[in-house]
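# Predicted model follows, preceded by the sequence.
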Amino acid sequence: MAEFTMPSLGADMDEGTLLEWLVGPGDLVRKGDLVAVVETAKSTIEVECFESGTMTELLVEPGATVPVGTPLALIGPAKERQSAGHAPKEAKPSKAIEPALISKSPELPSPPPEPVPVPVPAPSAARPPGHIEAGPLVRHLAEQSGIELETLHGSGPGGRVTRTDVEQAAAARAGTRPPRVRATPLARRIAAELGVDLATVKGTGRQSAVRASDVRQAAPGPSAPAPPTPAAAAPARPSATRPPEDRTAAMRQAIAGLMSRANRDIPHYYLSTTVDMAAAMDWLHEHNRRNPVGERLLPAALLLKAAALAAREVPELNGFWTDGNFTAGEGVHLGVAVSLRGGGLVAPAVHDADTLALPQLMAALKDLVTRARTGRLRGSEVSDATITVTNLGDQGVETVFGVIYPPQVALVGFGRVVDRPCAVDGLLGVRPVVAATLSADHRATNGAVGARYLTAVDRLLQNPEQL
């Protein structure tokens, strides 16, 4: 039996709030499946499962805030999904024909006939009298709806009472049609608060179930949310619906604590170089001229790809400083600093950025920024970055020196591409240039290694067709 625990989604995370479960007891899960939504001080994150098997029990209710490492659920072997009352299909009686087969052998005497085994139903004593098979979420929903579980006939495996059974019973009591929209409890509560009709929302969860993020996207932006119903307002639990100013303040506190520790504990050294972008911009203009609008690239795509390839060339800067030693990253997972609406900052990772073609990298970047700003990041994206890039060119900044995000050992900065007078081949002209900077951990590397990295970035940007 494995435990699914509250994950550590960054060096600045000590605890998290479970917002909603994306699976239920008895659901079969595979490694990498999204199983829960967790809120940290900085963002709302979809958490993947790191084990394959069957969700046997959910230990924590949505809305609870628990420390990192707290068990949230139990995961058993996949075969546990089958209830005890169902016999395996391959187990067929064969003893009745064995005597006949043995008796044909002249060397062995015929054994006395055995009675043909008769299937016996599982004894009712396997479950305590009055015990109802139902998960904690189903019991909570039944309690809120005023439904007695003992009056329901479970439609799940082994007679387990499911959420649908409770919802149908509640609808029958109210004299309405059974609900047809699959939605998580948090999604239903937010829909009630925002006045969103779940029937009009396209679900992105398991079996097209509507999730909280689906409801938020479907909610009309400028209109004021509808007043919550008494049932919805009762829990009063911390969640992503708390006032934005509270979330922003908590995020700023988390960032302040992490950056203060990073600046205090990491001996930074800083390097800077100016990169001639003439070849890169010419190539970019030609590429965009030949492609439709949806497939055009931004200069950021070239800068990120060059940063990723240079990290592969100089692996001493692509990894982590832990327990007094450097550990190289398994692949180049490029963290990209994303500013959030209303304040705050996250740096989710583009996995294996050095292997992506430029159009793929551009698409991944757009997707990552969109999901970061709508609270739909995944756990692996906020915890796997091996080196981070911050690009403030779109903000008008020409040079940026960042603070390393521990336990990483380097942060790359790019400014705005600007026209500057330059001497090239003995002639003075105006060319587009960008300032590339490096903040690195002096415990893991020295200035010579950092210089090799920036030189690699420069060389790669002079040959954009090879990116």
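Right, received. Where do you want to start?

# And the one helix or strand D165 maps to, what's buried?
Element membership of D165 [criterion: DSSP states H and E] is helix 163-174. The neighbour-count check on helix 163-174 (16 or more other C-beta atoms under 10 Å) flags R163, D165, V166, E167, Q168, A169, A170 as buried. Just so you know, the C-beta spots here come from the backbone N, C-alpha and C atoms, and that holds for glycine as well.

# So which residue is smack in the middle of this protein?
Nearest to the mean C-alpha position of the chain, counting by C-alpha atoms, centre = their mean, stands R378 at 1.4 Å.

# Which residue is the nearest non-sequential neighbour of that one?
E46 (4.9 Å; C-beta to C-beta, 6 or more residues apart in numbering).

# again, but for L317
Here the residue nearest L317, using C-beta to C-beta, 6+ apart, is A410, at 4.1 Å.

# Just to check, that neighbour is in contact with V389?
No - applying C-beta atoms under 8 Å, one finds A410 not in contact with V389, separated by 9.8 Å.

# Return the set of buried residues in the helix ranked longest in the chain.
The longest helix of the chain (DSSP state H) is helix 244-265. By neighbour count with 16+ other C-beta under 10 Å, helix 244-265 contains the buried residues R247, A250, M251, A254, I255, L258, M259, A262.

# For P77, state which of the residues you listed is nearest.
For the buried residues of helix 244-265, the minimum distance to P77 (C-beta to C-beta) is 37.6 Å, reached by A254.

# before we move on, back to that, tell me the first helix or strand C-terminal of the longest helix of the chain.
Downstream of helix 244-265 (by DSSP H and E), the next one is strand 268-276.

# Direction included, what does that following strand pair up with?
The pairing partners recorded for strand 268-276 under DSSP bridges are strand 427-441 (antiparallel).

# Based on its surroundings, how many neighbours for L467?
The tally of other residues near L467 (other C-beta atoms under 10 Å) stands at 19.

# typo on my end, L454
Other residues close to L454 by other C-beta under 10 Å number 19.

# so it is in which element?
helix 447-461.

# List the buried residues in that helix.
Quick answer for helix 447-461 (16+ other C-beta under 10 Å): V449, G450, Y453, L454, A456, V457, D458, L460, L461.

# Which neighbouring elements make contact with that helix?
strand 268-276, helix 299-313, strand 410-414, strand 427-441 (3 or more C-beta pairs under 8 Å, 6 or more residues apart in numbering; DSSP states H and E).

# Can you say which of those is packed in most?
Burial of the helices and strands packed on helix 447-461 is given as mean neighbour count (mean count of other C-beta atoms under 10 Å); strand 410-414 ranks first at a mean of 27.

# so what are the domain limits for this protein?
Domain assignment for the chain by automatic domain parsing gives 2-79+134-233, 249-466.

# Endpoints of the last one, how far apart?
I take that to be domain 249-466. Start-to-end span of domain 249-466 (C-alpha to C-alpha, to the nearest Å) is 44 Å.

# Which stretches in this protein count as helices?
98-103, 136-145, 163-174, 185-194, 212-218, 230-233, 244-265, 278-290, 299-313, 358-373, 379-383, 447-461.

# Switch these over to JSON lines; also include distance to P71.
Putting those into JSON lines (distance: least, C-beta to C-beta, whole Å) gives the following:
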{"stretch": "helix 98-103", "distance to P71": "48"}
{"stretch": "helix 136-145", "distance to P71": "13"}
{"stretch": "helix 163-174", "distance to P71": "22"}
{"stretch": "helix 185-194", "distance to P71": "21"}
{"stretch": "helix 212-218", "distance to P71": "23"}
{"stretch": "helix 230-233", "distance to P71": "28"}
{"stretch": "helix 244-265", "distance to P71": "24"}
{"stretch": "helix 278-290", "distance to P71": "50"}
{"stretch": "helix 299-313", "distance to P71": "36"}
{"stretch": "helix 358-373", "distance to P71": "27"}
{"stretch": "helix 379-383", "distance to P71": "16"}
{"stretch": "helix 447-461", "distance to P71": "41"}
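
# Format those helices as a markdown table; extra columns: mean pLDDT and distance to V346.
What follows is the helices of the chain, written out as a markdown table (pLDDT from 0 to 100; distance: least, C-beta to C-beta, whole Å):
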| stretch | mean pLDDT | distance to V346 |
| --- | --- | --- |
| helix 98-103 | 37 | 66 |
| helix 136-145 | 69 | 29 |
| helix 163-174 | 72 | 32 |
| helix 185-194 | 72 | 21 |
| helix 212-218 | 81 | 16 |
| helix 230-233 | 35 | 29 |
| helix 244-265 | 80 | 9 |
| helix 278-290 | 96 | 27 |
| helix 299-313 | 97 | 16 |
| helix 358-373 | 92 | 5 |
| helix 379-383 | 87 | 7 |
| helix 447-461 | 98 | 24 |
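
# Brilliant, that's me finished.
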